Each structure stands twice: as structure tokens, then as C-alpha cells.
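Chemist: Sequence plus predicted model, see below.
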Amino acid sequence: MPAHTTHDAPRDGADGARDGTAAVPDTSTTAETVAPAEAVTPLLRGIAVLRRLTEANDGTLSLSALERTTGLARSTVDRLTATLARMGYVRLDGRDVTLAPRLMELGNAYLAALRLPALLSARADALADELDESVSLAVGDRDGIRFIHQATRRRAMSLSFRIGDLLPAERTAPGPLFAAEWTEPDWHHWLERRTAAPEDHSFPAVPPRGHPTTDEDFRLRAAKAATDGHALDDQLIEPGLVALSVPVRDPGTGRVACVASVVSHTSRHTAPDLRTTLLPRLRAAVTSMEDDLRTAPPPEPGPPRAGLATWTGASKQELGREFVESLARGLTVLTAFGEGRSALTLTQVAQATGLARATARRALITLGHAGLLTPAPEHTFTLTPRVLSLGFPPLSRTTLPEIAQPHLTALADRVHESTSLAVLSESGEEIQYTARASTTRVLSARVTVGARLPARATAPGHVLLALPEARTRGYALVDEELEAGLRSIAVPVRDRTGRVVAALNVAMHAARRTPTACRTDILPELSRTATHIEADLAVAGRFVHVPLT
């Protein structure tokens, strides 16, 4: 089928896929499917780029690697990544493309609309503390399961799955519980996938299947899970990993809303031991979760969202052909969903995004083809767990220093001074530097990551200790207190609750800038950078714990 042409596609066809088709390979499905005639091809291609980056070990691929793995022309890859960078979804560093924290707003939209993490994660965390084992919550995603919450114990041998990771149902403990509700078409799809990918290469989060089991074996496990009300994973993912799962049922329908699992290692528990020792406490926690679902008040949608995509027109005017507006508009449609907005009509999507109904309709068709949303009752659409495949797994493990680093580097380039991020030590008497960016000056402040300094003698320390002057002014300026000739200025970095969690600092030789010049020249740039870091942290920390170090 010829590539579908949109206003973003070049007239000479040089920006099309090399094979001349609109379909883009997607390893999350069993086979490549041809897009509907009304699908927005640039949107499908942008989704493919994000999925390839998600599958990369650290969320980073070179432009050449993206060209190779997506099968798209280099000019197409360049325009798609430039657009995603403009949205804040990726970061361009020379020839490399890296996923950026703001991309998590897409997965956040799904998790907020789902409501389960907000309602149940505290119970899962409490159970993990009680049992001193990892606890997870998972939802079904066609013939797989996808994690929506993790409470992980930190040990030498610990769980490495991430929120958003997709696992084959037959190799997990939650899988049989979801499969117990499958229809025959669901089983048929599962068999097709097993035949097409016998070693599970379409599931990058798990190692290749080592000991294949028969199809009938999983059907028997699903039937047993339906009878027992729980299921076991006895080293099906990899040797040593065992898990016990119990379904959390929707109080309205009685169907499985999600599955709670306790995950351990055979050095601590065998699979049968999990069942005999921990099953009663897991069931008690699940009962409390179901009570929480039953008594939860209806979500408050707040004021209707509007104009989410209006900024795309200005970006198109500024960047011209390098900005693929149909890609930006299509991804913005996903952010129209959220708590109290779990199911939206075409009209509601158009109103929330500011898009014409015809444009919104084509975006919904395209996103449906990509498996990111599905039709729901009363002519509405809902997001699917597959939205989490757009960058959420690698980004769910990000830390505050990783979030801050590119902002520190940009700040150092602008002010031509060394910049750093610091947190308060557990004792409260020292600060610890967790990230820094240096300048090329001959004489510069040289502080290594991990170094500790007395809090009361440093600008970051004044901010983190909330000393009266720093709290009133919103910044701290320390002049040669720690060392002769060293002058530094710092501002707070706050999390999404408003709590100060770190301090952003610029240090320099006192001869280069007066205290007044620090306030007029450095402070505005410092404050602007802190705002950017806080915005990324707010997105990353909405459903995920972001470590400060």
C-alpha cells in the first residue's frame, strides 16, 4: 500500500519508508499490519522511534541505529527526533538520541486514568515492608502482563523489572490469573504469538525462553489459577526467581482489575514455601485493596482541559519542515486522558486538544492501530497499558542526578562557571554533591561527585538547612566562607509536593563576579534552570519514586 501522504510529508516522497508502505514494524505485535487509509503515517513512525529507544539498554540510540532498526530514511529519522526533542520527549546529543523524563507524561496519563496505582500502591508498599520481599502490581496487556507498580527490596539479588515492562503471560505468576478470563480469540492470538516468536524475542524485558513448555501446560495453569484463586511462578522467567500472585478484583464487575505479586529468590523461599508461608498475608493485603477500590470516591476531573495542542502551530512556524506537526498533535492526544478522564469521546478529545474533529479523529484511528487506545462504551475511547511502552520502563529508573545533569551542563555553558547539584546528608551536617558540570576556565571550582562539605559553610547547605535568610530570599550567597576566593550562589530544587530535596549551585572565583553581579547575572539563570529540573522531576515522580542520589 502506498505511503499515506499528510501535510507533513514531503511532496517528492524522499521522506517515506524505504519499502514504500505506511506500516512500520512493531515488535510488540506478532506480525506487521497495514495501517488504515486514514492513519497518520508520521505519527506511526514517531511511535516506532520511541519504541526502539525504549528497547535500547539505556534509552539511547544513535541516529544511524534508529535509521537501521526502524527501516526509515535518515531524513525522516532526523525530522521525527527533532520534533520529539522540541516536545521535550528526547534529548539530542550530537548523533545520539536519548529518552527524556518529560516523555513519562504519556505513561502518567494512562496510570492516572487507570487510578489503580494511586489507590493501591500504598498497600503494596506496606506489604513489601511487612514481608521484606518485593511486591508488584500488574495489569493484563493482551497476551502479556505489564507492571504498573513496583515496591522493590534492595539486595545483591533483587528484582530488575521496571514499571511498564511487558512479560509473556505464560512465564509469570499473574499470567494464568488473567488467562483464566481470556476468550477463545485471546487464546488464538496467544498461540499465534508463541508460534511467531518461540524464544520470546518480542519481550525485551525477559531472557530468551530456556525450557519451552507445551501450550496445554499454560491452559492447565490458567484453569488451576481460576480454581485456587492464586498462581505460582516457579523459575519460569529465569533460574532462582519465584513469585506468588493473587488477583485484585474490580468490585463492580468481579473481573480481575490487576494482580498483586510477591517476588523472591530461591535462596529465601521456594515456590511452595511462598504459598504456605506468605499466601495468607498476601490475600489479606488484596482484601484491603479490594475494599479500597469499593470505597474510593469517584475521581474529580477538575476543569475541562483545552488547547493542549495549540502550541504546535507556533513550533511549525518557527521550525518549518523540521517540525512534524502531525506527530506532535497525535502524541498530545494521549495527554488529554487522566484521572476523571479515563474515557473520552471524539468531541471531548477535540475540545481538550484544540484540534479540528477531523484531525482528532485521524489521530484516534492511528493511536488505535498502534494499540495505544481502544474503543469503549458510549462512543468513547480509553488508553491501553501499551502506552507504557513509550519510554516508561527505562525512565522509571531515573534518578534526580540523571534528570539534572543535562540542565547543569546547559547552565555551565551559559554562565561559563562550574555548576553542581547537592543534597543534605542523613546527619544534616554535611552536603553531598550528586552531579556537576565543569567549565573550561583555567581557574574553576573543582568539586567531585560524592564529595561532602560542611553544610553551614556552603551556599547549598544554607538552602537545604532552610536558614532564615535563604528561606526569605529564595537563594543563598556564600562569600569566601569555605575557602578564600570562593564565592557561590545556590537555589532550592523542590519535588512535586513543594518539599526542598536538593540545591542547585554555581561556584566561581571571587575576582570574576561581585556579589551584586552574582545576583543580577547568575541568579536568574540559576532559578530558570531549577524550574526546568523541577518540571522534569514533577513528571518523573508522579507515579515513580525518584532517588535523590
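Modeler: Ah, there it is. Residues are numbered from 1 along each chain as shown.
Chemist: Could you chop the protein up by domain?
Modeler: Domain segmentation of the chain under automatic domain parsing yields 41-107+302-395, 122-295, 400-540.
Chemist: Make CSV from those domains and add mean pLDDT, distance to Arg115 and mean neighbour count to it.
Modeler: Quick note: C-beta positions are derived from backbone N, CA and C, even for glycine. What follows is the domains of the chain, written out as CSV (pLDDT from 0 to 100; distance: least, C-beta to C-beta, whole Å; neighbours: other C-beta atoms under 10 Å):
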stretch, mean pLDDT, distance to Arg115, mean neighbour count
domain 41-107+302-395, 96, 6, 20
domain 122-295, 92, 9, 18
domain 400-540, 91, 18, 19
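Chemist: would you list these in a markdown table and tack on distance to Val546?
Modeler: Shown next, in a markdown table, are the domains of the chain (distance: least, C-beta to C-beta, whole Å):
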| stretch | distance to Val546 |
| --- | --- |
| domain 41-107+302-395 | 9 |
| domain 122-295 | 12 |
| domain 400-540 | 5 |
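Chemist: any idea how far the residue nearest to the spatial centre of the chain lies from Val333?
Modeler: For the chain, the residue nearest the mean C-alpha position is Phe392 (2.6 Å; C-alpha atoms, centre = their mean). Applying C-beta to C-beta, to the nearest Å, the value for Phe392 to Val333 is 17 Å.
Chemist: what's the answer for Thr345, then?
Modeler: Separation of Thr345 from Val333 (C-beta to C-beta) stands at 13 Å.
Chemist: Over to Glu105?
Modeler: Per C-beta to C-beta, Glu105 is found 12 Å from Val333.
Chemist: Please apply the same query to Arg86.
Modeler: 17 Å.
Chemist: Also Ile533?
Modeler: The gap separating Ile533 from Val333 is 28 Å, by C-beta to C-beta.
Chemist: Same question for Gln235.
Modeler: Plainly put, Gln235 is 42 Å away from Val333 if you go by C-beta to C-beta.
Chemist: Please apply the same query to Met289.
Modeler: Using C-beta to C-beta, one obtains 31 Å as the distance from Met289 to Val333.
Chemist: looking at the domains of the chain, which is closest to Pro547?
Modeler: Nearest to Pro547, of all the domains of the chain, is domain 400-540, at 6.8 Å by C-beta to C-beta.
Chemist: how distant is the closest one from the center of its chain?
Modeler: 27 Å (C-alpha atoms, centre = their mean, to the nearest Å).
Chemist: Any idea how far apart the tips of that domain sit?
Modeler: 9 Å (C-alpha to C-alpha, to the nearest Å).
Chemist: Other residues contacting stretch 273-282?
Modeler: 127, 130-131, 133, 230, 232, 242-244, 246, 260, 262, 264, 269 (C-beta atoms under 8 Å, 6 or more residues apart in numbering).
Chemist: Would you mind measuring the gap between the ends of it?
Modeler: Start to finish, the residues bounding stretch 273-282 are 13 Å apart (C-alpha to C-alpha).
Chemist: Nearest residue to Val463 in space, ignoring adjacent ones along the chain?
Modeler: In this structure, Val463 finds its nearest non-sequential neighbour in Ala503, 4.2 Å apart by C-beta to C-beta, 6 or more residues apart in numbering.
Chemist: and the gap between Ser488 and Pro297?
Modeler: According to C-beta to C-beta, Ser488 and Pro297 sit 48 Å apart.
Chemist: Likewise for Leu395?
Modeler: Look at Leu395 and Pro297: by C-beta to C-beta, they are 30 Å apart.
Chemist: how far is stretch 124-144 from where the chain is centred?
Modeler: 18 Å.
Chemist: Show me what the helix or strand hosting Leu421 packs onto, helices and strands only.
Modeler: Using DSSP states H and E, Leu421 falls within strand 418-424. In terms of contacts (3 or more C-beta pairs under 8 Å, 6 or more residues apart in numbering; DSSP states H and E), strand 418-424 is packed against helix 400-415, strand 430-437, helix 459-464, strand 500-509.
Chemist: Report the backbone C-alpha coordinates of the last one in PDB.
Modeler: The C-alpha coordinates for strand 500-509 follow below in PDB (Å, rounded to 0.1, in the frame of the first residue of the first chain):
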ATOM      1  CA  VAL A 500      13.100  21.100  49.000                       C
ATOM      2  CA  VAL A 501      15.100  18.000  48.100                       C
ATOM      3  CA  ALA A 502      18.300  19.400  46.600                       C
ATOM      4  CA  ALA A 503      20.200  22.600  45.900                       C
ATOM      5  CA  LEU A 504      21.500  23.900  42.600                       C
ATOM      6  CA  ASN A 505      24.700  25.800  42.900                       C
ATOM      7  CA  VAL A 506      27.100  27.900  40.800                       C
ATOM      8  CA  ALA A 507      30.600  28.400  42.200                       C
ATOM      9  CA  MET A 508      33.300  30.800  40.900                       C
ATOM     10  CA  HIS A 509      36.400  32.700  41.900                       C
END
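Chemist: Do a quick rundown of the strands in the stretch 51-200 of the chain.
Modeler: Ranges of strands within the stretch 51-200 of the chain are 60-62, 90-93, 96-99, 134-141, 144-151, 166-168, based on DSSP state E, counting those that start in this stretch.
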